[in-house]
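Student: Okay, predicted coordinates and the sequence, questions at the end:
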Amino acid sequence: MFLLLNQPLKLCLGKGVLVRSSPLGSDSVSFSLQQTPPCAIISVSPCPYADQIGNLNIKNANERSVTHVEKDVPGELSCPLKHFRFGILGTIGSSHGWVATPLDDGRVRLQDDLNPAASYTDPKHISLPPLVTLPYCQTQLVTNMSMSSSSPEEEDCVVAIKFFGPQLSLCRPSAQSSSEWINIRIANPCFFSSRVMFSKRDGMFHIPGSGGHLIGSWDLGEHKDHPKIQMLRFHNLAELTMSKLEILHSCSTSEHLVESQTTGETFLIKWYRKTTRSMLDMPKMKTEALLVFKLDEEGNAFYTEDIGDLVIFLSRAEPFCVPASSFPGMYPNRVEIFDVDEIGSVNLATCTVSTRNSTFNAPYYIPPQNIEH
């Protein structure tokens, strides 16, 4: 049951907080920004005064209840959200609060309609050119999207879409009429089903290989056709018991990279899930465990159960992490997880998995957004 508001409001985002920040490694004076807490897109509920639009229902990461947001979602999004399949109908990915939607003419549109902090009276829609499919590739099934900056309106922003198979496509939205997709054919099959993320520290798009033993890096420069490949060496695995390892070997595994903008650390997360059955006897995926590895520049991956004050957010959106102390009500040293059939968290210190199974049409975590006054 959703928490409905008695008084109509334009936005209900939870209490904004002041976040103190400064450029990583900089000696400059830090400054404070008021930001919304991270939130999950729970659903789109029918709008009482129009059939072709819906209203957002979100859950702020520092609150326990679901919040109804008086923000309209257009019909082209609200309808697919009710009958959602990744890569076929509806949105195909999200990054920095922007979602990518495929259009009938082959173009991709970036829009902020699902961002509860964005304007509901003047939503932003940015069209990208039609996708071009490389020979012996496909552009119908997508793993995810990533952006090099917080907004596609920034001049140097590059959008990346990773497809199942060998194709990775990059585009600069700011080029407008001259923008085009730069299509890259990935040679190593271990990257075919993996997800892409952007590293601000390295200025490159990173993709972890299946199994997590390799990281491939691409950009629009010298590493477009000749990617940088790094091999990882795992440490501290002796801390895992044999019984736990046996359970993990029977699970479906996915690998995710996330970079902390506050500490400069990079983490590799291995997400282990098993098929289970719900109350209606429908198969669902349920998390059995998460393994977090801290990476260094030499390719060492250290298993850890302590990421300090950080909270990592894993969903179908590009992953991110924030300090728990920046948002009162959040708990540190955790990984928040969100997928089409599961939501919950993992306490890394105790290795406790607390999730519930349900159906979510747009399982995206939205990172903190600056509040404009």
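Tutor: Nice, I can see it. Numbering: from 1, shown residues only.
Student: Could you report the distance from the nearest residue to Leu295 once chain neighbours are set aside to Arg316?
Tutor: Beyond its immediate neighbours in the sequence, the residue positioned closest to Leu295 (Cβ to Cβ, 6 or more residues apart in numbering) is Thr266, lying 4.6 Å away. C-beta: built from backbone N, CA, C; applies to glycine. Separation of Thr266 from Arg316 (Cβ to Cβ, to the nearest Å) stands at 21 Å.
Student: and Gly40, what does it touch?
Tutor: If you look again at residue 40, you'll see it is Ala, not Gly. 58-59, 61, 315, 336, 338, 343, 363-366 (Cβ atoms under 8 Å, 6 or more residues apart in numbering).
Student: Just the residues you listed: which are in strands?
Tutor: Secondary structure assignment by DSSP state E places 58-59, 336, 338, 343, 365-366 of those in strands.
Student: Show me which of those residues is closest to Val99.
Tutor: Ile366 (9.7 Å; Cβ to Cβ).
Student: my read: the closest one touches Ile41, true?
Tutor: Yes. With contact defined as Cβ atoms under 8 Å, Ile366 reaches Ile41; the gap is 6.8 Å.
Student: Show me whatever sits in contact with both of these two.
Tutor: 58, 114.
Student: give me the number of residues near Phe192?
Tutor: The local packing of Phe192 (other Cβ atoms under 10 Å) involves 17 other residues.
Student: how about the closest residue in space to it that isn't next to it in sequence, secondary structure?
Tutor: Among residues not flanking Phe192 along the chain, Gly165 sits closest, at 5.3 Å (Cβ to Cβ, 6+ apart). At Gly165 the chain is in coil, as set by DSSP: H, G, I helix; E, B strand; the rest coil.
Student: Where does the prediction get shaky in the protein?
Tutor: Along the chain, the model assigns pLDDT under 70 to residues 1-33, 47-54, 74-89, 176-177, 238, 278-281, 373.
Student: Just the helices from it, written as ranges.
Tutor: Ranges of helices in the chain, per DSSP state H, are 75-82, 242-249.
Student: quick revisit: neighbour-wise, which of the contacts of Ala40 leads?
Tutor: Ile366 (29 neighbours).
Student: so how far is Arg195 from it?
Tutor: For Ile366, the distance to Arg195 - Cβ to Cβ - is 17 Å.
Student: any chance of the ones in strands among the contacts of Ala40 in JSON lines, plus distance to Glu259?
Tutor: Below are the ones in strands among the contacts of Ala40 laid out as JSON lines (distance: Cβ to Cβ, whole Å):
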{"residue": "Ile58", "distance to Glu259": "24"}
{"residue": "Lys59", "distance to Glu259": "24"}
{"residue": "Glu336", "distance to Glu259": "16"}
{"residue": "Phe338", "distance to Glu259": "19"}
{"residue": "Ile343", "distance to Glu259": "23"}
{"residue": "Tyr365", "distance to Glu259": "15"}
{"residue": "Ile366", "distance to Glu259": "17"}
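Student: Out of these, which comes closest to Ile126?
Tutor: Nearest member of these to Ile126, counting by Cβ to Cβ, is Ile366, at 17.5 Å.
Student: Show me what the closest one is bridged to.
Tutor: Ile366 has these beta-bridge partners by DSSP bridges: Cys39.
Student: and if you look at Leu314?
Tutor: Ile337.
Student: wait, isn't it in contact with Ile269?
Tutor: Yes. Using Cβ under 8 Å, Leu314 makes contact with Ile269 at a distance of 6.5 Å.
Student: quick one: common contacting residues for these two?
Tutor: Among the neighbours of Leu314, those also in contact with Ile269 (Cβ under 8 Å, 6+ apart) are 256, 258, 335.
Student: Neighbour count and distance to Thr304 added to those, as a markdown table?
Tutor: Output for the shared contacts of Leu314 and Ile269, formatted as a markdown table (neighbours: other Cβ atoms under 10 Å; distance: Cβ to Cβ, whole Å):
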| residue | neighbour count | distance to Thr304 |
| --- | --- | --- |
| His256 | 23 | 15 |
| Val258 | 22 | 13 |
| Val335 | 26 | 12 |
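Student: Closest one of those residues to Pro283?
Tutor: Nearest to Pro283 among these, counting by Cβ to Cβ, is His256 at 22.7 Å.
Student: so who does that closest one touch?
Tutor: 195, 197, 208, 268-269, 271, 314, 319.
Student: If we use 7 Å, what do you get?
Tutor: 195, 269, 271, 314, 319 (Cβ atoms under 7 Å, 6 or more residues apart in numbering).
Student: Looking at these, which is nearest Ser243?
Tutor: Nearest to Ser243 among those, with distances taken as Cβ to Cβ, is Trp271, at 19.4 Å.
Student: residues near that closest one, how many?
Tutor: With other Cβ under 10 Å as criterion, Trp271 counts 21.
Student: So in terms of bridging, what pairs with it?
Tutor: Ser254, Leu290.
Student: and the gap between it and Gly212?
Tutor: Trp271 is 11 Å from Gly212, by Cβ to Cβ.
Student: quick one: buried residues of stretch 94-109?
Tutor: Residues of stretch 94-109 classed as buried: 94-102, 108 (neighbour count, 16 or more other Cβ atoms under 10 Å).
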